[in-house]
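Engineer: sequence and predicted structure, then a few things I'm wondering about:
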Amino acid sequence: MATLYGTQMAKLRNSTPVQLPDPCDVHGRVRCFDELVVLASQATADGIIEVARLPKGAKFLYGILQTDTSLGTSTIAIGISGTAGKYRASATFTATNTPTLFGVVSAATVAKLTAEEIVIITFATANLPASGNLRVQIFYSLD
């Protein structure tokens, strides 16, 4: 049976001299930007809430959404200005008190950031609920 290798293991096992993977890919420190959004009938006319600032050189790993109140028919996307769904495509979020992972695998999300990014929630379809809390955690590697 042949042995196959992922990208990082191929660098370590199949190159002479050994290529060292980027610290963001292997043994890098995981950091978290933890944000709380207090729900207060935010109107779709406003439509954007800033929830994280990722530094230059960071590599997005995944995010977690949690809420104590269903967002109902409101749709939310998580991304950046100009690419609203970079990290989470627009969808409803109704699971209460259930940590929910999100992330999009694409060339843009697996590469290290070349500049600082402000991560935003873009919401549409309906206003956000009148009360409750929405927690957004963004995990990234940086070394």
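Structural biologist: Now that the structure is in, tell me what you want to look at. Numbering: from 1, shown residues only.
Engineer: the lowest-mean-pLDDT helix or strand in the chain packs against which elements?
Structural biologist: Lowest mean confidence among the helices and strands of the chain (mean pLDDT, DSSP states H and E): helix 107-110, at a mean of 80. With contacts taken as 3 or more C-beta pairs under 8 Å, 6 or more residues apart in numbering; DSSP states H and E, helix 107-110 sits against strand 59-67, strand 83-92. (Glycine included, C-beta is placed from N, CA and C.)
Engineer: and the helix or strand following that helix, what does it pack against?
Structural biologist: Of the helices and strands lying after helix 107-110 in sequence (DSSP states H and E), the nearest is strand 117-124. Judged by 3+ C-beta pairs under 8 Å, 6+ apart, the packing partners of strand 117-124 are strand 48-54, strand 75-80, strand 83-92.
Engineer: show me which positions of the longest one end up buried.
Structural biologist: So that's strand 83-92. For strand 83-92, the neighbour count (16 or more other C-beta atoms under 10 Å) marks 84, 86-88 as buried.
Engineer: run the angle between that strand and strand 59-67 for me.
Structural biologist: If you take axes from the mean of the first three to the mean of the last three C-alpha atoms, to 10 degrees, strand 83-92 sits at 30 degrees to strand 59-67.
Engineer: and for the second one?
Structural biologist: Relative orientation of strand 75-80 versus strand 59-67 (the same axes, to 10 degrees): 150 degrees.
Engineer: show residues contacting strand 75-80.
Structural biologist: Identification of contacts with strand 75-80 by C-beta atoms under 8 Å, 6 or more residues apart in numbering yields 51, 63, 84-93, 102, 117-125, 136.
Engineer: the last one too?
Structural biologist: With contacts defined as C-beta under 8 Å, 6+ apart, strand 83-92 is touched by 60, 63, 65, 71-80, 102-104, 108-109, 119-120, 122, 124-125, 138.
Engineer: partner strands of it, with direction?
Structural biologist: Here strand 83-92 is paired, per DSSP bridges, with strand 75-80 (antiparallel).
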